[in-house]
Structures are given as C-alpha cells and as structure tokens.
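S.K.: model the structure of this input:
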Amino acid sequence: MTDSHSGTDPRDQRPAAAGLIAIDGPVASGKTAVGLRLARELGYRLVDTGMMYRAITYLVLKHGLDPKDEAGVISLAEKADIELGQPTDDDLATVKAEGEDITRLLRTPEVDRTVSVVSRIPGVRRAMVQRQRALAAEGRIIMLGRDIGTVVLPDAPVKIYLDASAGERARRRYLELKEAGNERPLEEIREELENRDRMDMNRHASPLRPAPDAVVIATDDLTLDEVVAKVREVAGIRP
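M.R.: Model prediction:
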C-alpha cells in the first residue's frame, strides 16, 4: 500500500457520500482519469480547473498577447468566454472559448510551455477562483486542480491529493500524447513536467501543495480501479 494520510483517519470525520469532492495534484498524477470515472459513476459534474487555465493560455496565444503582460492577461481572463462541457459515457468533456471548441488545442507544446507563466499571475487566479466557487455552489461536483483544497474550496468535505513520481507521470503523459497522435520524446516531456512542478510549487499565488486535512494517495503502483476505490472510501461512497 502506498498511500499516506495527513492527520487522523479521515473516515472518522467526513460525511457519507459528500456532494463536493476536491482532487488536487501535480500534472499527470491521475486527477483527470479518476475524476472522469467518478463523475460518470456518481452523476456528478466534473470541473477540471487546469483546463480553464489552459483555455486562458490558448486565448493569450491566439490573440498574440505577451504572457508576461500581466495587465493584458488579467483583462482577458476576466472577460473570457469559456464554456466547460460535461463528459459523456463515450467521450471526454469539451472546452469552448469564444464559441470555438478548443478541446484538442489545449495540449499543444505551445500551451504546455506557457500555461505556468499565465496561471501564476495572481489576477488570473482570482478571476478563475471566482468562477470555480460559483460552479461549486451548485453542488454534486468533482473539482480537479492544484489549489482546490487549499484556496478555492478550503471547506470542501472531501479533499484528495494524488501524487506520483516524475518518471511515472512523464510516462503517462508520453502515452497520452502518443495516443492523441502527438508523440514527443519522453525526456523532453519529463523536463517540461519537472519545470512545471517547480513553478507550481514555488509560485507566490496559490502554490501547489496538499491541504493540511487532505488524504494523500501515491498512485505509482496503483491501477485506476484501485485509486478510484480509495477515493470512494474516503468520500464515504459505497461501491
């Protein structure tokens, strides 16, 4: 078993079948796969906040803005027309921006290299957090990100932090890109992933870290089914 708990046993404190589940973790730690499975099984809405920051980054690049022009990027983020679709039994959730389906444009190398620069801007995070809290207020939601348990929804009844080694996460991302027809060198992916980790963990606004009362699950040696089962147990959801 490779999970560790922060504090006392969370099953003693958390309500059964929580209507709000916060899942944080670094890139390629398994958040999307776990969140997608749970959302389909429970009929909950899935909000992947990482896709929101990628959508803003896509728009910054589309409109030729300098990602380091904080005032310009914040203005764009505050006004951005972003629509998060919901996953179906047969497909992933779609993301639209300015009326365009940009789902398959959010994993390009250009977006990968720029998203940390954009997402570390405090004004961008404020604009996104406001939208994320409004979505969470609707209930029956699984929210994925890097600061959900610490900043966006600190009172969420269930907080999960998924983690895995850099090598395993790079391998997962490599396979994901290859399947999508965008194969890239594994070492290049690992280097970008480690750079992203450093930027996420050291940024001033909302650094990546587990919430003090989050349950940390290391996913290196676990199957998707095993990780989902652990999250269900923490959330008090019966199989």
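
S.K.: so what does the top helix by length along the chain touch, helix or strand wise?
M.R.: The longest helix of the chain (DSSP state H) is helix 186-202. Judged by 3 or more C-beta pairs under 8 Å, 6 or more residues apart in numbering; DSSP states H and E, helix 186-202 is in contact with helix 109-119, helix 166-179. Heads up, the C-betas are built off the backbone N, CA and C, glycines and all.

S.K.: looking at these, which is buried most?
M.R.: When these are scored by mean count of other C-beta atoms under 10 Å, the highest mean neighbour count falls to helix 109-119 (a mean of 19).

S.K.: that one vs helix 166-179, what angle?
M.R.: 130 degrees (axes from the mean of the first three to the mean of the last three C-alpha atoms, to 10 degrees).

S.K.: next one: helix 109-119 to chain centre, how far?
M.R.: Relative to its parent chain, helix 109-119 has a centroid offset of 14 Å by C-alpha atoms, centre = their mean, to the nearest Å.

S.K.: who does the next helix-or-strand element following it touch, helix- and strand-wise?
M.R.: Using DSSP states H and E, the next helix or strand after helix 109-119 towards the C-terminus is helix 122-136. Applying 3+ C-beta pairs under 8 Å, 6+ apart, one finds that helix 122-136 contacts strand 45-48, helix 49-62, helix 70-79, strand 141-145.

S.K.: tell me the most buried of the ones you listed?
M.R.: Neighbour counts (mean count of other C-beta under 10 Å) averaged over each of the helices and strands packed on helix 122-136 peak at strand 141-145, with a mean of 25.

S.K.: how much space between residue 196 and residue 163?
M.R.: Distance, residue 196 to residue 163, using C-beta to C-beta, to the nearest Å: 14 Å.

S.K.: same check on residue 68?
M.R.: 30 Å.

S.K.: residues in contact with the closest residue to residue 51 other than its chain neighbours?
M.R.: Leaving aside its chain neighbours, residue 51 sits nearest to residue 95 (5.1 Å; criterion: C-beta to C-beta, 6 or more residues apart in numbering). Shown in contact with residue 95 (C-beta atoms under 8 Å, 6 or more residues apart in numbering): 51, 54-55, 82-85, 101-103, 106.
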